[in-house]
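1. sequence? don't have it. structure:
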């Protein structure tokens, strides 16, 4: 029963023909944990061979729209595809504050659709979520546990977006860390200490040289590829997965540029410049 990571979205707010919005799936046996739900997450889950009804929980990193726009679709599809069994609502784990407020109100505009579906099918339970908020502390703390798998959340630096968190998933097969959106910082290092796999958002800073402030503001709160390479080297990470790729690679030369940046930072382990549905297996 190995642990498997599937990148269910490697994109950004910029529309892409081939990349869904930010999302990652961690599976072990019947346990299926989804981290964020950007645009087209439902389709990517289908590509990964998982119906929304097969999810155990969704864990959110922060309230930027590109990480959340697929969540209402996911929750509604989870309900519609339930086929009338009225299973419990989908569990959603999120940091207290704006992210939880979004979750609380995300189905309000769908009341008409929900009412007609319930009346037509005779269903007694409307769609919803089992929202489990958590306070963000100074160090990673456990926010989910089931059997021999536990998940810790820790603050990262994505200011002015606060709170923003990354996650650490500990399984009998190894440890997967997910940075969320952040600069390279000591907080990510704490989440990823001893990790077998580190999933890191990645931005090639040099691509923005000479651009106006209306473009370069994103450098304030994303992770520079060369610094990622140095941190991953220092942490001794076995596999580094780059996602949320800015700019989106458009061919082999662009992928090679990401690789060169990471290698230039000193990382020599396995490196994946992710495409949607890329997989890493532990155990």
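-> The structure has been received and is ready for your questions. Only a predicted model underlies this, so the values are computations on that prediction, with no experimental measurement involved.

2. ends of stretch 100-109, what's the gap?
-> 17 Å (Cα to Cα, to the nearest Å).

3. tell me the secondary structure at residue 228.
-> Classification of residue 228 using DSSP: H, G, I helix; E, B strand; the rest coil returns helix.

4. that one: neighbour count?
-> 25 (other Cβ atoms under 10 Å). Heads up, the C-betas are built off the backbone N, CA and C, glycines and all.

5. the residue nearest to it when sequence neighbours are not counted sits in which helix or strand?
-> Once flanking residues are discounted, residue 228 sits nearest to residue 200: 5.3 Å by Cβ to Cβ, 6 or more residues apart in numbering. Taking DSSP states H and E as the definition, residue 200 sits inside strand 197-203.

6. what residues does the helix or strand just after that strand touch?
-> As assigned by DSSP H and E, the chain's next helix or strand after strand 197-203 is helix 213-216. Applying Cβ atoms under 8 Å, 6 or more residues apart in numbering, the contact partners of helix 213-216 are residue 208.

7. how far does helix 213-216 sit from the chain's center?
-> With Cα atoms, centre = their mean, to the nearest Å as the basis, helix 213-216 stands 25 Å off its chain's centre.

8. if we can go back for a sec, tell me who's in contact with the residue nearest to residue 228.
-> So residue 200 contacts 179, 188, 223, 228, 232, 240-243 (Cβ under 8 Å, 6+ apart).

9. which members of those are classed as buried?
-> Using 16 or more other Cβ atoms under 10 Å as the burial test, those include 179, 188, 223, 228, 232, 240-243 as buried.

10. of those, which belong to strands?
-> In strands, defined here by DSSP state E, the members of these are 240-243.

11. and the biggest helix by length in the chain with strand 197-203, angle?
-> Longest helix in the chain, counting residues (DSSP state H): helix 252-264. Helix 252-264 runs at 120 degrees relative to strand 197-203, counting by axes from the mean of the first three to the mean of the last three Cα atoms, to 10 degrees.

12. mind listing the strands the following helix or strand past helix 252-264 pairs with, and their directions?
-> Next along the chain after helix 252-264, taking DSSP H and E as the criterion, comes strand 270-273. When pairing is defined by DSSP bridges, strand 270-273 lines up against strand 239-246 (parallel).

13. so where's the stretch 51-200 of the chain uncertain?
-> By pLDDT under 70, the low-scoring segments of the stretch 51-200 of the chain are 84-86.

14. repeat that for 90
-> 81-88, 121-125 (pLDDT under 90).

15. can you show me the helices along it?
-> 71-80, 98-105, 111-121, 186-192 (DSSP state H, counting those that start in this stretch).

16. mind listing residues that contact the shortest one?
-> The reference is to helix 186-192. Contacts for helix 186-192 (Cβ under 8 Å, 6+ apart): 139-140, 152, 154-157, 166-168, 177, 179, 182, 198, 200, 223, 231, 234-235, 237.

17. and it, which residues are buried?
-> So for helix 186-192, counting by 16+ other Cβ under 10 Å, buried means 187-192.

18. the longest one too?
-> By neighbour count on 16+ other Cβ under 10 Å, the buried set for helix 111-121 is 114, 117.

19. run the chain-centre distance for that helix.
-> Worked out by Cα atoms, centre = their mean, helix 111-121 lies 31 Å from the chain centre.

20. what angle separates that helix from helix 71-80?
-> Using the same axes, to 10 degrees: helix 111-121 against helix 71-80 is 10 degrees.

21. show me what helix 111-121 is packed against.
-> For helix 111-121, there is no helix or strand it packs on, judged by 3 or more Cβ pairs under 8 Å, 6 or more residues apart in numbering; DSSP states H and E.

22. and if you look at the first one?
-> Under the contact definition 3+ Cβ pairs under 8 Å, 6+ apart, helix 71-80 sits against helix 41-47, strand 90-95.

23. could you redo the last one with a cut-off of 10 Å?
-> Applying 3 or more Cβ pairs under 10 Å, 6 or more residues apart in numbering; DSSP states H and E, one finds that helix 71-80 makes contact with helix 41-47, strand 57-59, strand 90-95, helix 98-105, helix 111-121, strand 129-134.
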